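>>> got a predicted structure here, sequence first:
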Amino acid sequence: MDWCDQLTVQAQGGGDSSLLEITGPQAADVPDDARNLVLRAELAWRAAFPERAARLPALHWKLRKDIPHGAGLGGGSGNAAGALCLLEHWAGPPGADAQQLLQLAMSLGSDVPFFLQAQGLAELRGGRGALRLASAPAPVAA
């Protein structure tokens, strides 16, 4: 089993609001409405950056859930951070100020800033997860 979710996005063929399609072995009980962190991240991003958001149509998010829902493994937070990164990419330059994006991530949840800033390193975090206290290369499995 892969321990990662997969998130993709494309322009929706019609309609004014984005939708979220969830598949995969861990999709049961994962909400596909405004309670889901992917759609919450999009709504918050659009509210925070209305000029850039105006460039984007309604979106069709596809989430393949392989991380168990509600298990405390950060799947939802990682998905929210991924959604923010995809929105930033899709909206094009100029990108959001890093501090503004970090504040937005913190408004979504304590773990979202960690996933937004993760660089593939083992990290020690403080506060609500936004304070990077130390980092080192993650150990490689032999």
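Nice, I can see it.
>>> next, Trp61: phi, psi?
The phi/psi pair for Trp61 (degrees, to the nearest 10) reads phi -90, psi 140.
>>> the closest residue to it other than its chain neighbours in helix, strand or coil?
Spatial nearest neighbour of Trp61, chain neighbours left out: Leu20 (4.5 Å); criterion: CB to CB, 6 or more residues apart in numbering. Where C-beta positions appear, they are placed from N, C-alpha and C, glycine not excepted. Classification of Leu20 using DSSP: H, G, I helix; E, B strand; the rest coil returns strand.
>>> isn't Leu20 up against Leu37?
No: contact criterion CB atoms under 8 Å: Leu20 and Leu37 do not qualify, at 10.1 Å.
>>> so where's this structure uncertain?
Within the chain, the segments meeting pLDDT under 70 span 1-2, 119-142.
>>> can you report how many residues lie near Ala58?
Using other CB atoms under 10 Å, Ala58 has 14 other residues around it.
>>> what's the spacing between the residue lying closest to it once chain neighbours are set aside and Ala71?
Distances taken as CB to CB, 6+ apart place Gln12 nearest to Ala58, at 4.3 Å, with adjacent residues excluded. Per CB to CB, to the nearest Å, Gln12 is found 30 Å from Ala71.
>>> those two: who's more crowded?
It is Gln12, of Gln12 and Ala71, that has more neighbours when counted by other CB under 10 Å, with 15 against 9.
>>> ok, the more buried one to Leu59 distance?
Gln12 is 6 Å from Leu59, by CB to CB.
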